[in-house]
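*Asks:* model this:
(one chain, ligands or ions: 1)
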Amino acid sequence: MTNWSEHYRKGGQSISFVPTMGFLHEGHLSLMKEGKHQADKLVISIFVNPTQFGPGEDFDTYPSDLDRDFKMAREIGVDVVFTPNTSDFYPQGFDTFINQEKLPNHLCGLSRSGHFQGVMTIVAKLFNVVNPDIAVFGEKDFQQLAIIRRMVKDLNFNIRIIGHPTIREADGLAMSSRNSKLTPEQRLTALSLITALKNTQRSLENRITDAEMLIKNATDSISSHPDTEIDYIKICDPDTLDDVAEIDRPVVMAIAVNVGTNRLIDNMILKSDQS
Ligand code: AMP
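*Replies:* Sure, this is the predicted structure:
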């Protein structure tokens, strides 16, 4: 992989990179189109990274269909699909991990201990091996994008990070590889995340700016659906991820809900008339 990149970089070509865990969907493809648009060559990776899954999470059941992924990547015009294997990437004795002090202590980081350490470590390893000029990440994983941007700055990676908007199904559900595991009933319940986000934006336009009240309304509406267990509903500063009590500037509302055994996340930037 590294030799391939070196060859094209020497020839003056730029390389963009989209890391994924596979079971590709239109959200991934949209990131790839952006990557293709931004550089001469496009590399994607497919790797279900064990170090970002905690005990009891869905590492063993994460959906996978490499043949289908290869076909989709080929149709988009991906130049390389990089699929490292776990024992090459984490050989016996592997003992180095990347940490960050502040951003992981919010949102998903609180309930998924060690998750972002695993994410940062794998992304740094992939960056070192692929050596891209540009990398594209989805805003759907809002906290992940913020953490990667911080890591790239702090550790002097010479890579431009591009955030890409969330791609949704026609009814608004944020696309996710995990959606494939939802039953028809759970699929309906999953819609409650985007409905709560949209309703909150509407309330804000009607000048309800108290975060506690907005969160309570969203909590009531999501938990009225069967099979839901809310992990968090937060309204925070988009840069620091600290809670915001009164919405007088753009904020991000972030939601994580277990629908059955499927963990779903979504978020939206909310703006009031004042912000
Ligand atoms: P994953 O395979 O879930 O690890 O995701 C790989 C990349 O695709 C990450 O940068 C995600 O943020 C991004 N992504 C996942 N779902 C979507 C979506 N619905 N819209 C845009 N980007 C997405």
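
*Asks:* Only C-alpha atoms from now on, for both contacts and neighbour counts.
*Replies:* OK.

*Asks:* This protein against the ligand: which residues are in contact?
*Replies:* Proximity of the chain to the ligand, by Cα under 6 Å from any ligand atom, involves residues 19-22, 27-28, 137-141, 165-168, 174-176.

*Asks:* Buried only: go through those for me.
*Replies:* Buried subset of the residues of the chain next to the ligand (neighbour count, 16 or more other Cα atoms under 10 Å): 19-22, 27-28, 137-141, 166-167, 174-176.

*Asks:* closest to N99 among these?
*Replies:* D141 (17.9 Å; Cα to Cα).

*Asks:* who touches that closest one in this structure?
*Replies:* Contact analysis of D141 by Cα atoms under 8 Å, 6 or more residues apart in numbering lists 265-266.

*Asks:* switch to 10 Å and redo it
*Replies:* Listed by Cα atoms under 10 Å, 6 or more residues apart in numbering, the contact set of D141 reads 108, 163, 166, 254, 265-267.

*Asks:* In terms of secondary structure, what does whatever helix or strand R187 lives in contact?
*Replies:* Under the criterion of DSSP states H and E, R187 resides in helix 184-205. Using 3 or more Cα pairs under 10 Å, 6 or more residues apart in numbering; DSSP states H and E, the elements in contact with helix 184-205 are helix 211-223, strand 228-236, strand 251-259, strand 262-270.

*Asks:* Could you figure out how far the first one is turned away from strand 228-236?
*Replies:* Counting by axes from the mean of the first three to the mean of the last three Cα atoms, to 10 degrees, helix 211-223 lies at 160 degrees to strand 228-236.

*Asks:* Now tell me what touches helix 211-223 from outside.
*Replies:* With contact meaning Cα under 10 Å, 6+ apart, helix 211-223 is reached by 189-201, 203-204, 208, 224, 228-230, 232-236, 243-247, 253, 255, 257.

*Asks:* go again using 7 Å as the cut-off
*Replies:* The contact list for helix 211-223 (Cα atoms under 7 Å, 6 or more residues apart in numbering) reads 192-193, 196, 200, 233-235, 244-247.

*Asks:* Perfect, that will be all.
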